[in-house]
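1. Dropping the sequence and predicted coords here.
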Amino acid sequence: MIVNFLLIVPLITILVLMLINQPYIKPVALLGAVAQLIIIIAVLIEYVSIVSPHHELMQLQTNIEWFSPLHIHYHVGIDGISIVMLFLTALIVIAAILISWKETTLQKEFFVLLTLLAFGAYGFFISLDLFLMFFFLEVAVVPKFLLILIWGSGKKAYSATKLVLMLIGSSALLFMGIAGLYYNEPAEWHSFNILQIAQMQLPFSVQIFLFPFFFIGFGVFTALFPFHTWVPDGHSAAPTAGSMFLAGISMKLGGYGLLRLVMLLMPEAAKVYAPYIILLATIGIVYGAFATMAQKDLKYMNAYSSISHCGFVLLGIGMLTPVALTGAVLQMVSHGLMTALFFAAIGMIYSRTHTRIIQEMGGLLAYMPFIGSLFILAGLASLGLPGLSGFTAEITILVGSWQQPITAYKIATIFAAASIVITAVYILRAIGTVLMGKYKTYQPNTLTDASWYEQWAGIILLIGILIVGILPFLLMKLLSPAILTIQSVILK
Amino acid sequence: MNEGLIITLLLCLPLMTFVIIRLFFGIRWPIFSGYLATLILLIITFLSFLIAWQYFFIYGKINSSYALFVPIDIKWLVFTRQLSINFTIIIDAISVMMLVVVSFISLMVHVFSLAYMKGEQRYGYYFAYLALFTFAMLGLVLSGNLFELFMFWELVGISSYLLIGFYYTKPEAVSAAKKAFIVTRFADFGFLIGILIMGGLANNFDIIQIITSIGEQQYLWKGAAASFLGMSTLTWACLLLFIGAAGKSAMFPLHIWLPDAMEGPTPVSALIHAATMVVAGVYLIARFFPVFQMDVTVLHIIAFIGSGTALFAAIIACTQTDIKRVLAFSTISQIGYMMLSLGVDDNLTGIHLGYSAAMFHLFTHAFFKSLLFLCAGVIIHTVHTNNMHEMGGLRKQLPVTHISFLVACLAISGIPPFSGFFSKEAILSAAYNNHKWVYAVALITAGITAFYMFRLYFSIFWNKPVITTLKKEGMGLMQLALIVLTLLVIITGYVPFGDFISANGKPVLLEVHFGFSVIPIALSVLGFFYAAILYYRENNLPSSLEKSFGWFYQTVKKKFYIDELYLFITRIIIFKGIGSSIAWIDKNAVDGAVNTSSGITNWLSVFIKKLQSGKVQQYAFYFLIGVLCLLVIVMYTF
């Protein structure tokens, strides 16, 4: 039952936000987000208390028929992967609300949209019905258009349209995939139920035909090369909270969908298409890293580095070994947290210096030590410093990938590993130019350090990064049963 | 007595010191932070000595060799049943030796820094980063798991980055820090792949397990079936590990970061870039020595790169004028010695002279090189310049430093009875027994070493006094550190080192034969006299010599233009060539395709839009055309 509260709480928050006025909006939004975090902790406790080595795939299910002619159900449930993703979402949403504490334009609408996006993400991570999943995916996409258009900066109209069109386009592919799946099922089990379809096993030819729809559909979300171009423009034009949400959560919807749907429903096809996934992922990693090196704008830099880091998620998924799959989930969490932190720090710097061009800044560390430290830590997490999240995730993926005996896969792994050098180059370049070196004289000398809400936004994300980096075994414990289930389906 | 507890304390204390000072004390109570860190380090040094004493004297030898303990083995990140990253601690002869060296040098540097860094704005943070470094370095030498080692390896790298870039408003310091991290990162990429290959070979990341399992199954990994690009898998793995080691230990051609790293505070150079971190590469190879021994190819490569680097860096050191850079190149050269010594360890005769000699030289070098750097620190502190031409005649103002520097110079030049003589002698005899060319190179390097060290010594302490208004140095914490280290430089040569540390645990006799050591001593003395003639008094000889060497002198002074080459590769080829062009392709080709597709859609929609104009006549016209078409179709088909 408790799982349903994950959807009820954001809905109530949205309703209350619509009814109240000015001074209460921010506290209510924050309260809603924190309440959601508490619910997730409760779900975790419940899950841990019932979990056993040989349990069903999904726990704490609720299954109510929603629209009987098409067999659409309201069907939710959780496993280790979804709990981890829920935590990620909750942390980022809280941080995003805190970072927008000084948002003045259309405050009510802003926080309503933010909560609505979160609602979509929460729903997506717990739904077990294909149609429901699709519904929540759209909820998590469409409001971004308004978010970027109204509160964004730069080429916002272009970027908002591009982002939403590309994501909607990928959703169209997904919808075709879902419809194709529904009509290709044997007549007696017409169902959108993911677990049921997984158990029944789709015929091989159907899998082969439908896989590209799902893979490209979700791949666009995960910045799959060459469908990644929405990422830089979209992230850069969005307001700070929007960028945090986009990079932290939206890009994870794709990875989660690939793991949950594609690997579970189409394991045979996954094996056939694996080389292509690995090829595109490796290109994405190296290409994204090189493209990042040449960026001049901090937000573009981080967006391009997201393409590189999300390539690791795809690589882990393509390698199909349980270690690599676990690594993919870890990388999703790690990338979500560290990019959100990076965007938060960039937003803080931007709100003070009013520029995001790397060369126009310098020596900021002396004036904003806290923000500078956040920036450095986010950067170090990104370049894979042990003790922070990036290292754990990427090493897990690399070790998992290396288990594949095929030489071509090993070469792909080596290319992917090479990105640690390129990442170090662009991260240290940004840190060295923006924070260190001489203070540029034309910069205002009234730069202030982080205020309390910014500090807390950073600290919350940092705690997440440190937990993944130092105590990864906690996550491994949650993830391993779920990954083993997926693995057993693949090996079947 | 519980080693597990001591080791836990040993690692937790510096880490806690780092966190606490960095978060709470650094800004508010900087002086207190400094003394707190030094006190903690005193405890750590005591604990390290306790472990060493226990290991070597209480437990002693079992079957004539020292045992290997694994006091801590905790699973951290479990991949599969065999593959896991564990928090494993190995206590064996080399890790205990490194423990003593690292903690002791670190203590000396802390004591020195208390006085040296006084008045710095970020005094507290300095000690926090030193504590972080000590933590990482102690972890590195105690690691028993490949990935654990790699993690500490990276942490050492980042603390080096933070300390080189300590004066972060200085652009040179920032770019030096960046360069150091990126060059070693590049090497770490090789190291990482090496780890994956080696872990894959042995299906384990535990170092002891890897060594035993590769030892048992070496035929599998050396066979033609397991080869890739003409080299066996084992060779590849060892070579990649060596690349990682070469990066950290600044071997040619990855040495370029070390001279620039001298932008950091001088005590940091003494600790990190002379005594401890830069020898991590040597330590890594020593740690995996049983594996390296199975592959003669890689050992030869190590010997050649080591000896080549030793000579190459020594030649450059003769032309540098920045005293810290001279010392940096001498560090590179001396590490080259250690590497070549590992490379010439002779497996065939069963006498592992090279291994023990390398470790011995690592041990003595740590003391005399950190002493040299700390002396340089005092000198720079006094005269406020790094340029040796702006110094001279300092022996009167800096008597303590003078004597310490002299002792260290004699030691590094291999002149008896100082410590460097014994270890260098051991390396030379190992090389002599194995490979004559390597021996010749090492011999020439020994002579050049004496020359450039005494060039430095005479330029600083004799020659023409440039600054005369200086006060005589007093006795403070800095001088205390110098004196302690000087005493150690004198006595460490007499440690029966081969008895403690050897490749197979069996004692090795590192003895000095008079007949054998005549040539190296003679060469060193020759170097000494050359330096004395040129630099004892101010004269025109050096400049005329520079002129007579012409372009060669300039090339050497510019460090063979290797930095420029790297700059060209990184800035022009990688940055402009690859990075910018990919960014351009992304913006124009990949994104261009997206924009084109949307443009086509847009154009189509504009075109189709015209069909729906709202004009009834137009609709009637379309209707008419449609009816006519239908009519034609119907007429012709039926």
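-> Yep, that arrived. In this text the structure is predicted, and so the values were computed from the model without any measurement.
2. Let me see the ranges of the helices in the stretch 301-450 of chain B.
-> For the stretch 301-450 of chain B, applying DSSP state H, counting those that start in this stretch gives helices covering B:323-343, B:353-383, B:399-412, B:419-434, B:436-461.
3. Identify whichever of the ones you listed lies nearest to chain A.
-> With C-beta to the nearest C-beta as the criterion, chain A lies closest to helix B:323-343 of the helices of the stretch 301-450 of chain B, at 20.8 Å. Bear in mind the C-beta positions are built from the backbone N, C-alpha and C, glycine included.
4. and the longest strand for chain A?
-> Criterion DSSP state E: the longest strand present in chain A is strand A:59-67.
5. What is the burial count for B:Ile444?
-> 16 (other C-beta atoms under 10 Å in any protein chain shown).
6. was I right about it contacting B:Leu311?
-> Yes: with contacts counted by C-beta atoms under 8 Å, B:Ile444 reaches B:Leu311, the gap being 6.4 Å.
7. if we can go back for a sec, using JSON lines, lay out the helices of the stretch 301-450 of chain B together with mean pLDDT and distance to B:Ala246.
-> What follows is the helices of the stretch 301-450 of chain B, written out as JSON lines (pLDDT from 0 to 100; distance: least, C-beta to C-beta, whole Å):
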{"stretch": "helix B:323-343", "mean pLDDT": "91", "distance to B:Ala246": "8"}
{"stretch": "helix B:353-383", "mean pLDDT": "90", "distance to B:Ala246": "15"}
{"stretch": "helix B:399-412", "mean pLDDT": "90", "distance to B:Ala246": "22"}
{"stretch": "helix B:419-434", "mean pLDDT": "86", "distance to B:Ala246": "18"}
{"stretch": "helix B:436-461", "mean pLDDT": "90", "distance to B:Ala246": "17"}
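8. Okay, now the unreliable bits of the stretch 251-400 of chain A?
-> Of all residues in the stretch 251-400 of chain A, none has pLDDT under 70.
9. Can you name the residues of it sitting close to chain B?
-> Residues of the stretch 251-400 of chain A lying close to chain B by C-beta under 8 Å from any C-beta of the partner chain are A:287, A:290-291, A:293-295, A:304, A:322-323, A:363, A:365-366, A:380, A:383-387, A:391-392, A:395-396, A:398-400.
10. Leaving out sequence neighbours, find the closest residue to residue 142.
-> No chain in the question, so chain A it is. Excluding the flanking residues, the one nearest A:Val142 by C-beta to C-beta, 6 or more residues apart in numbering or on different chains is A:Val164, at 6.8 Å.
11. should've been chain B
-> Computed as C-beta to C-beta, 6+ apart, the closest residue to B:Leu142 that is not its neighbour in sequence is B:Ile89, at 4.8 Å.
12. Go ahead and confirm the one you found touches B:Ile74.
-> No: with contact defined as C-beta under 8 Å, B:Ile89 does not count as touching B:Ile74 (9.3 Å).
13. neighbour count winner among these two?
-> Neighbour count, other C-beta under 10 Å: between B:Ile89 and B:Ile74, B:Ile89 has more, with 24 against 9.
14. Check for me that that one belongs to a strand.
-> Yes: B:Ile89: assigned to a strand according to DSSP: H, G, I helix; E, B strand; the rest coil.
15. average pLDDT across the helix or strand where B:Ile582 lies?
-> Assigned by DSSP states H and E, B:Ile582 falls within helix B:581-585. For helix B:581-585, the mean per-residue pLDDT is 84.
16. Show me which residues of it are buried.
-> B:Ile582, B:Ala583 (16 or more other C-beta atoms under 10 Å in any protein chain shown).
17. How about stretch A:133-151?
-> Here stretch A:133-151 shows A:133-149, A:151 as buried, counting by 16+ other C-beta under 10 Å.
18. Number of residues surrounding B:Ile20?
-> Using other C-beta under 10 Å, B:Ile20 has 17 other residues around it.
19. Tell me the residues of the stretch 151-300 of chain B that contact chain A?
-> The stretch 151-300 of chain B comes close to chain A at residues B:151-152, B:154-155, B:158, B:161, B:165, B:168-169, B:171, B:174-175, B:177-178, B:181-182, B:185-186, B:188-189, B:192-193, B:196, B:199-200, B:228, as judged by C-beta under 8 Å from any C-beta.
20. Selection in ChimeraX covering whichever of those are buried, please.
-> Applied in ChimeraX, the following selects the buried portion of these according to 16+ other C-beta under 10 Å:
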select /B:151,152,154,155,158,161,165,168,169,171,174,175,177,178,181,182,185,186,188,189,192,193,196,199,200
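21. quick one, helices of the stretch 151-300 of chain A?
-> In the stretch 151-300 of chain A, the segments counted as helices under DSSP H, counting those that start in this stretch are A:156-184, A:194-200, A:204-221, A:230-237, A:240-245, A:251-257, A:263-265, A:267-293, A:298-319.
22. just how off-centre is the helix or strand harbouring B:Ile105 within its chain?
-> Following DSSP H and E, one finds B:Ile105 within helix B:93-116. Relative to its chain's centre, helix B:93-116 lies at 16 Å (C-alpha atoms, centre = their mean, to the nearest Å).
23. still on that earlier bit, which ones are touching the residue nearest to B:Leu142?
-> B:Gly4, B:Ile7, B:Val70, B:Pro71, B:Ile72, B:Asp73, B:Leu142, B:Ser143, B:Gly144 (C-beta atoms under 8 Å, 6 or more residues apart in numbering or on different chains).
24. Cheers, nothing more for now.
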